[in-house]
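give me coordinates for this.
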Amino acid sequence: MKAKVVVGMSGGVDSSVAAYLLKEQGYDVIGVTMQIWQDEETACQSENGGCCGLSAVDDARGVANQLGIPHYVMNFKKEFKENVIDYFVESYLVGQTPNPCIACNRYVKWEAMLKRSMEIGADYIATGHYARITKLPNGRYAIKNSVTAAKDQTYALYGLTQFQLAHTLMPIGEYTKDQIREIALKNQLNVAHKPDSQEICFIPDNDYAAFIDKAAAGRVPGKGNFVTKDGTILGEHLGITHYTIGQRKGLNLAMGHPVFVSEIRPETGEVVIGEAEDVWGDTLICNRLNFMGMEDLPEAREVTAKIRYAHRGERCTIEKIGEDMIKCSFHTPVRAITPGQAVVFYDDDYVLGGGVIIKT
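Numbers count the residues shown, from 1 in each chain. Sure, this is the predicted structure:
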C-alpha cells in the first residue's frame, strides 16, 4: 500500500514541483492549499508570487488537475491569526522585530496542517522548502542544508519538533532553483514562470507600520524621541513600530553623515541612534528554545549561528544560563543583533536548534 502524503500547495513553482516529484516517487499524493487570509475582500493576491491570496488556490488547483491528484482547501484562518498575525503585531508593540514565517512554519504549516492531515489518514506532509531532513547517529531528526545555498531555508525551520520532522518530506531540497523551474517547464506545469514571493504574505504592500496601526488600533505607541545612547534628544520619531535595529533609511535626521538605529526602548518610547560601529555586537541571549539535532545543551559548545535569514553565519560559543535561556558569544562581532529575530545554531550543515533573541 502506497504511503499517503499531503503536500502544502501554495500555488508557487516550488510546492507544485514537490507534488510532482512525490507522485513520481510513488506516493499517494493529496494537494492542500491553506486558507489563511483574514478578509477575502482585501486578501493579498498572488500576482507577485504571494502564497495566501485567493488566486493561489486557483494556481494550486490547476497544477493538481495537471498532475491528476485531488486538491482541497483547508481553513486555518484561526490558527494563522492567533499564531502569526497576533504574534507579529504584539512583537512590534514591544519594540521587537519578529519573523512571522518561522511562526507560520511551526504552528500552522506543521502543527495544524500535520494534525489535520493525519486525521484524514496521511502518513506525511510535504512542502516546497529548500531543505533536507536527516536522521543523525544520535537518533534525532534534524533539518539539513539544501544543496543550494542561494535558496537554503533551514533558518526558518529550526522550530520544528521531532514528531513533525519524522512525518515530513522535503523533496526539493536535493535541487537548485534552476533545476526546479526546469522540471516545471519540462512537465508544462502552469506555474513554471511564476515569480517567487518577496514580501510577508499578509502585508503585500510591505507597510508594516500601517498594518500594525490598523490591527492594534488604540494600542500603538505614538511619537517619541530619537536619542543618543546617553539620552540626548535628537528629534522626534513616528513611533517605535516604524523602526528596527540597524535601520538607516527613513530616519529623517539631518546628522551630516549616516546614522543607524542601535536600540529601541519600548518602556520610554525612545529610539536610540548611533554610529555604524554601534550596531555591531558580540553577545546575545535567547529563549523559547527548540532543540533539533541535539537533545539539550549540557555544556558550552562551539557552533555556527545565524541571526537572520540572510546571515551567512558566524562561529560562537553557546551555553545554557537558565532552564529556557542560552547565551551566545560570537568570536567575531556581528551586525544588527535584533530582539525578536531567531538565532539558529548549526553544526556543519545541519540545525542543532535555536531560539528567539531577547537581548544583546
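
do a quick rundown of the strands in the stretch 101-250 of the chain.
Here the stretch 101-250 of the chain has its strands, by DSSP state E, counting those that start in this stretch, at 124-126, 131-135, 141-145, 168-169, 224-227, 233-237.

just name the shakiest helix or strand of the protein by mean pLDDT.
Using mean pLDDT, DSSP states H and E, the weakest-scoring helix or strand in the chain turns out to be helix 54-67, at a mean of 89.

that helix: what's the following helix or strand?
strand 71-75 (DSSP states H and E).

number of residues surrounding N206?
10 (other CB atoms under 10 Å). Backbone N, C-alpha and C define where each C-beta goes, glycine included.

cool, and T304?
Look at T304: counted by other CB under 10 Å, it has 16 neighbours.

ok, K249 next?
Neighbour tally, K249, other CB under 10 Å: 7.

give me the pLDDT value at it.
Per-residue confidence (pLDDT) for K249: 93.

what stretches of the stretch 101-250 of the chain score poorly on pLDDT?
149-150, 198-199 (pLDDT under 70).

let's see it at 50
By pLDDT under 50, the stretch 101-250 of the chain has no low-scoring segment.

isn't A60 right up against G8?
No. Distance between A60 and G8: 9.2 Å, which falls outside the contact criterion (CB atoms under 8 Å).

between these two, who's got more neighbours?
Taking neighbours as other CB under 10 Å, A60 and G8 compare with A60 leading, 29 against 25.

ok so, going back, out of the strands of the stretch 101-250 of the chain, nearest to S15?
S15 sits nearest to strand 124-126 of all those, at 8.4 Å, using CB to CB.

before we move on, back to that, what do A60 and G8 both touch?
Residues touching both A60 and G8 (CB atoms under 8 Å, 6 or more residues apart in numbering) are 15, 33.

distance-wise, check the nearest residue to E174 once chain neighbours are set aside relative to I172.
Leaving aside its sequence neighbours, E174 sits nearest to V147 (CB to CB, 6 or more residues apart in numbering; 5.8 Å). Counting by CB to CB, to the nearest Å, the separation of V147 from I172 is 10 Å.

out of these two, which sits in the busier spot?
Between V147 and I172, counting by other CB under 10 Å, I172 is the more crowded of the two (29 against 15).
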